[in-house]
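Asker: coordinates for the following, if possible.
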Amino acid sequence: MTVWETKYKMHTIRVENTWKTEKLYVDGELQDERIGYKSESRLYGRIRTGENETEYIKVSIGAYWFTVQCRIFVSDRLVFSSES
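Answerer: Reported below is the predicted structural model:
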């Protein structure tokens with residue numbers, strides 16, 4: 001299993017990848033899951049930043065030349081890349 005984790009505004013975003021599932025957690029809560037093998041995948045979630053404020057999360061996972069890479073976007077801004 002491959003795990004990527006980052007902090008964003010006091011929240012923990014965690015992505016888990018196995019050969020058959022991909023999961024997105026925010027502060028320990030499962031927000032999205034994909035089952036089945038894919039060479040590319042997207043996961044979606046959200047972070048509540050205030051009483052009426054929400055920021056949306058998009059995760060891109062891709063397999064390239066025997067490696068798996070992950071990018072996490074919050075409100076369309078890159079906040080994590082496994083390439084870095």
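Asker: so where is this structure shaky, pLDDT-wise?
Answerer: Counting by pLDDT under 70, the ranges of the chain that qualify are 38-39, 84.
Asker: which stretches in the protein count as strands?
Answerer: Under the criterion DSSP state E, the chain carries strands at the ranges 2-8, 11-17, 21-26, 29-35, 40-48, 54-64, 67-74, 77-81.
Asker: beta partners of the closest residue to G28 other than its chain neighbours?
Answerer: The shortest distance from G28 to any residue that is not its chain neighbour, by CB to CB, 6 or more residues apart in numbering, is 7.4 Å, and that residue is T12. All C-beta spots, glycine's among them, are computed from the backbone N, C-alpha and C. For T12, the residues forming beta bridges with it (DSSP bridges) are K7.
Asker: next, count neighbours for T12.
Answerer: For T12, the count of nearby residues is 12 (other CB atoms under 10 Å).
Asker: surely it and D27 touch.
Answerer: Yes: under the criterion of CB atoms under 8 Å, T12 makes contact with D27 at 5.7 Å.
Asker: between the two, what contacts are shared?
Answerer: For the pair T12 and D27, no residue contacts each of them under the criterion CB atoms under 8 Å, 6 or more residues apart in numbering.
Asker: mind listing what the most centrally placed residue in the chain touches?
Answerer: Averaging the C-alpha coordinates of the chain gives a centre point, and the residue nearest to it by CA atoms, centre = their mean is V59 (4.0 Å). In this structure, V59 makes contact with V15, L24, D32, R42, L43, Y44, G45, C70, R71, I72, F73, judged by CB under 8 Å, 6+ apart.
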